[in-house]
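Chemist: Quick one: sequence and predicted model below, then my questions.
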Amino acid sequence: MIHSSPGSVDATRRLILKGAAVVALAGLAGIRFGLAPALAAANDAYPDAAFKVKGADGAIQALYGKTAEKSDKVRMDAPEIAENGAVVPVSVTTSLPDVTSIAIFVAENPNALAASYRIPAGTMPSVANRLKMAKTSNVIAVVEAGGKLYSASKEIKVTIGGCGG
Amino acid sequence: MASTIRIRATSSGDTTEVQALIQHPMDSGFVKNSAGELIPPHFIQQLTFEHGGKPVFVADWGPAVSKDPYVKFSFKGGKKGDDLKISWIDNKGASDSSTAKIQ
């Protein structure tokens, strides 16, 4: 059975190989054309990749490309215990000069980066918002000032998780 | 359709304090519905505030921002009666915008 029509098997094989090659080429072309605009727009665009990283250190690295040092000049206001993880009020403020952005990370969430705020010149380096927390976690505020990163962190205990658990 | 954006901008001295509340489900993509199926992610990705044609505050949000998000910030240079424009776009491409007068 197997050797009954070697010619047609060969032909089929060639077709499959040819098909695979075409797919591979198309894939390469797709990457080449797809990536260029994404990179070009990366400066001002939504930091999609940074929002998909597990763990706070990795997410800080993905968003800024560097690490943060702890600073007592970054202040975070948040409750010690959040009864409802779906709505946790967190505010971040700093006395540092030349602030260009503030980001907030929830270490134990499925993806750590929660929100990132761009602070143009003339806007106060202070922001208040409400975040979801899956469970008790360290929350890290990162302030970018003068091209460097400064952080403050606080553990917030969550009684009822905010991710539907 | 009524606007999804509620905004309050108050000027005192040379700073304007802005508070915004937006109606949006902010589905994270990790929550299941009553039938046990995952609710697909649906959240605001970018929220921009503009004054005098320039952005004064840009928020990049992930799905960990609470449902019906709230945000507060302040900036310098706004005067009573000035326009403040706010707009958002979500991960499905939906968007809304609104303009408020600084009070």
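Modeler: Structure's in. What do you need?
Chemist: What residues does chain A have near chain B?
Modeler: Selection of chain A residues close to chain B by C-beta under 8 Å from any C-beta of the partner chain yields A:46-47, A:51, A:86-88, A:91, A:106, A:109-111, A:113-120, A:122-124, A:126-134, A:162-164. C-betas here are computed from N, CA, C, even on glycine.
Chemist: Show me which of those are buried.
Modeler: A:46-47, A:51, A:86-88, A:91, A:106, A:109, A:111, A:113-119, A:123-124, A:126-127, A:129-134, A:162-164 (16 or more other C-beta atoms under 10 Å in any protein chain shown).
Chemist: In helices, which of those fall?
Modeler: If you go by DSSP state H, these have nothing in helices.
Chemist: Counting only strands, which of the residues you listed make the cut?
Modeler: Among these, the members found in strands (DSSP state E) are A:88, A:91, A:106, A:113-118, A:126-127, A:129-131.
Chemist: And the residues you listed, which two are furthest apart?
Modeler: Taking C-beta to C-beta as the measure, those span a maximum distance of 22.3 Å, between A:88 and A:118.
Chemist: Show me what the longest strand along chain A is packed against.
Modeler: Secondary structure of chain A per DSSP E: the longest strand is strand A:148-160. The contact analysis (3 or more C-beta pairs under 8 Å, 6 or more residues apart in numbering or on different chains; DSSP states H and E) places strand A:148-160 against helix A:56-64, strand A:69-70, strand A:74-77, strand A:81-84, strand A:88-94, strand A:137-145.
Chemist: For the last one, buried residues please.
Modeler: Put plainly, it is strand A:137-145. Of all the residues in strand A:137-145, those buried under the rule 16+ other C-beta under 10 Å are A:137, A:139-145.
Chemist: With the first one instead?
Modeler: Judged by neighbour count (16+ other C-beta under 10 Å), helix A:56-64 contains these buried residues: A:56, A:59-60, A:62-64.
Chemist: contacting residues for the residue nearest in space to the middle of chain B?
Modeler: Nearest to the mean C-alpha position of chain B, by C-alpha atoms, centre = their mean, lies residue B:47 at 4.9 Å. Residues near residue B:47 by C-beta atoms under 8 Å, 6 or more residues apart in numbering or on different chains: B:20, B:22, B:58-59, B:61, B:69, B:71, B:86-88.
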